[in-house]
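Colleague: Quick one, what's the 3D model for this:
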Amino acid sequence: MIEYSSQPHYLVAVDCIVFGFDGEHLKILLVKRGLEPEINKWSLMGGFVGAEESPDDAANRVLKKMTGLEGVYLEQMQVYGEPKRDPIERTLSVGYFALIDIHKYEEQLSDDYEAEWFLINDRPKLIFDHNQMVADARKKLRYKAALHPILFEMLPKKFTIPQLHILFEEVNDTKIDTRNFSRKITSTKLLIKLDEKDKLGSKKGAFYYKLDKKEYKANAQAFLNLIPNIKTQG
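Modeller: A predicted model of the protein is given here:
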């Protein structure tokens with residue numbers, strides 16, 4: 001029998017990549033690191049897993065402590081374990097990504113750790129391997145967006161086709177033809193058209209829609225046709 005005590009022991013941490021959408025741009029939430037090394041540098045929300053908690057519990061605790069956010073969509077992504085990723089001590093980090101509608105959580109956001117939103121393509125350099133985590137999370141988000149209605153976590157309950165179009169473009173970092181997108185998304189029959197209009201953008205206005213969750217369950221693959229050259233994850 002292998003003796004546990006004779007095996008190397010490592011620290012386990014969690015890091016949270018929080019994506020948000022404000023109706024126009026995909027953004028990422030960052031904080032100032034509060035300890036050495038790299039104190040006061042921009043960082044993802046992170047912390048160590050406690051002796052009596054699971055990584056999922058730790059991720060939710062860290063997210064609430066550092067940003068004030070709770071009850072958001074949070075999904076485990078992958079483990080980062082390059083031996084020298086943390087210069088102080090060998091630390092394995094479990095990466096998570098979260099998706100939110102920025103406006104929905106504006107009042108809940110805490111200033112304790114100087115949490116700040118940045119445009120996803122205009123963010124500052126991050127500590128350790130956090131830039132790689134963000135790149136991996138964004139790639140994961142693209143795959144998930146084609147197979148699952150998770151992007152609707154970043155939209156209000158009622159939204160317009162132009163808002164959904166912008167979000168798909170931002171997430172996939174590509175231009176999608178407006179007319180084709182509108183035609184394809186309405187043809188999926190996954191959206192319920194409401195009687196209300198958003199008239200902030202023009203006098204004519206744009207109708208509000210909401211996701212038909214029952215129809216989605218029966219026709220989940222319909223989103224695959226919305227993204228050009230989408231590939232399934234290997």
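
Colleague: where does the chain have its least confident helix or strand?
Modeller: helix 213-218 (a mean of 74; mean pLDDT, DSSP states H and E).

Colleague: could you point out which element follows the longest helix anywhere in the chain?
Modeller: Criterion DSSP state H: the longest helix present in the chain is helix 130-147. Next in sequence after helix 130-147, counting helices and strands by DSSP states H and E, comes strand 159-160.

Colleague: Can you list the strands that that following strand pairs with?
Modeller: strand 206-211 (antiparallel) (DSSP bridges).

Colleague: Buried ones in the strand it pairs with, by neighbour count?
Modeller: Ala206, Tyr208, Tyr209, Leu211 (16 or more other CB atoms under 10 Å). Yep, even glycine has a C-beta here, placed from its N, CA and C like the rest.

Colleague: which residues does Ala206 contact?
Modeller: By CB atoms under 8 Å, 6 or more residues apart in numbering, the contact set of Ala206 is Thr160, Ile161, Pro162, Lys197, Asp198.

Colleague: any idea how far the third one lies from Leu191?
Modeller: It stands for Pro162. 13 Å (CB to CB, to the nearest Å).

Colleague: how many other residues sit next to the closest residue to Phe19 other than its chain neighbours?
Modeller: Leaving aside its sequence neighbours, Phe19 sits nearest to Leu99 (CB to CB, 6 or more residues apart in numbering; 5.4 Å). By the criterion of other CB atoms under 10 Å, Leu99 has 23 neighbours.

Colleague: helix or strand for Leu99, which one?
Modeller: Counting by DSSP H and E, Leu99 is found in strand 91-101.

Colleague: Kindly report the same for Ser182.
Modeller: Per DSSP H and E: helix 178-187 holds Ser182.

Colleague: Report the angle between that helix and strand 206-211.
Modeller: Put simply, helix 178-187 runs at 40 degrees to strand 206-211, going by axes from the mean of the first three to the mean of the last three CA atoms, to 10 degrees.

Colleague: Just give me how far helix 178-187 sits from the chain centre.
Modeller: Distance of helix 178-187 from the chain centroid (CA atoms, centre = their mean, to the nearest Å) equals 24 Å.

Colleague: So which bits of it are buried?
Modeller: So helix 178-187, judged by 16+ other CB under 10 Å, has buried residues Phe181, Lys184, Ile185.

Colleague: same question, stretch 103-119
Modeller: Of the residues in stretch 103-119, Tyr105, Leu109, Tyr113, Ala115, Glu116, Trp117 count as buried by neighbour count, 16+ other CB under 10 Å.

Colleague: Could you export these to a markdown table, including columns for distance to Val79?
Modeller: Below are these laid out as a markdown table (distance: CB to CB, whole Å):
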| residue | distance to Val79 |
| --- | --- |
| Tyr105 | 27 |
| Leu109 | 28 |
| Tyr113 | 24 |
| Ala115 | 25 |
| Glu116 | 27 |
| Trp117 | 27 |
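
Colleague: List the ones among the residues you listed that fall in helices.
Modeller: Among the buried residues of stretch 103-119, DSSP H puts none in helices.

Colleague: Which strand residues bridge the residue nearest to Phe19?
Modeller: Phe19, Tyr73.

Colleague: Got a quick PyMOL command for the buried subset of the contacts of Ala206?
Modeller: To isolate the buried members of the contacts of Ala206 in PyMOL, using 16+ other CB under 10 Å:
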select buried, resi 160+161+162
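
Colleague: Dump the contacts of Ala206 to a markdown table, plus pLDDT and distance to Ile2.
Modeller: As requested, the contacts of Ala206 are exported to a markdown table (pLDDT from 0 to 100; distance: CB to CB, whole Å):
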| residue | pLDDT | distance to Ile2 |
| --- | --- | --- |
| Thr160 | 94 | 59 |
| Ile161 | 93 | 59 |
| Pro162 | 93 | 60 |
| Lys197 | 90 | 67 |
| Asp198 | 87 | 63 |
